[in-house]
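Peer 1: what would the 3D arrangement of this be:
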Amino acid sequence: MTLVQSAKMCGHDPWRYLRDVLARLPTHLNSRIEELLPHRWRPCVS
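Peer 2: Predicted structure coming up:
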């Protein structure tokens, strides 16, 4: 729930944020995990 609230506070659609982050997690580098936090997240452009 904290991620949902943080995403809202950053002006993101929380469900879009969660879908994107969960889709990226399996292949995302651990050393770059901070990129997926709500205050640093940028939607994947495809």
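
Peer 1: mind listing what's buried along stretch 11-19?
Peer 2: By 16 or more other Cβ atoms under 10 Å, the buried positions in stretch 11-19 come out as 12, 14, 17. In this view, the C-beta of every residue, glycine as well, is placed from N, C-alpha and C.

Peer 1: return the helix or strand in this protein with minimum mean pLDDT.
Peer 2: For the chain, using mean pLDDT, DSSP states H and E, the weakest element among its helices and strands is helix 2-9, scoring a mean of 93.

Peer 1: elements contacting that helix?
Peer 2: Other elements packing on helix 2-9 under the criterion 3 or more Cβ pairs under 8 Å, 6 or more residues apart in numbering; DSSP states H and E are helix 14-24.

Peer 1: now do the helix it packs on: distance to the chain's middle.
Peer 2: Centroid separation for helix 14-24 versus its chain: 6 Å, with Cα atoms, centre = their mean, to the nearest Å.
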